[in-house]
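A.B. asks: please work out how this folds:
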Amino acid sequence: MSYFKHHVFFCCNQREPGETCCAARGAVEAQTYAKDRIAKLGLKGKGKIRINKAGCLDRCDEGPVLVVYPDNVWYTYVDKDDVEEIIQEHLVNGRVVERLKI
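C.D. replies: A predicted model of the protein is given here:
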């Protein structure tokens, strides 16, 4: 059994100016938002959900991106509303958000 029910990694990679990267598209702010929301919902910790920053996940051209393990579901998002939808639908209710899946 996994230590966390869901382990979410946000690509927060920062590349050279002019190169496509998730950090330039608001990934750090999105990760912070998700981490705070999970804590406020009481879903943080062992057996629950962990939100982490990751280095390059090698999908920046599709980004910003995050991946939910152990489900192996990759998402892209535009803003905190998209991140909130991923939290509510996937992490809370167990339903993949097809419109954001990559």
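
A.B. asks: point out where the chain drops to low pLDDT.
C.D. replies: Within the chain, the stretches with pLDDT under 70 are 1.

A.B. asks: what segments of it are strands?
C.D. replies: Secondary structure of the chain by DSSP state E: the strands cover 6-11, 49-54, 65-69, 73-76.

A.B. asks: let me have those in CSV, extended by mean neighbour count.
C.D. replies: (Each C-beta comes from the backbone N, C-alpha and C, glycine too.) What follows is those, written out as CSV (neighbours: other Cβ atoms under 10 Å):
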stretch, mean neighbour count
strand 6-11, 23
strand 49-54, 19
strand 65-69, 21
strand 73-76, 19
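
A.B. asks: ok, what's across the strand from the residue most central in space within the chain?
C.D. replies: Nearest to the geometric centre of the chain sits Leu66, at 3.7 Å (Cα atoms, centre = their mean). Judged by DSSP bridges, the bridge partners of Leu66 are Phe10, Tyr75.

A.B. asks: quick check: it touching Cys11?
C.D. replies: Yes: here Leu66 reaches Cys11: they are 6.9 Å apart, a contact under Cβ atoms under 8 Å.
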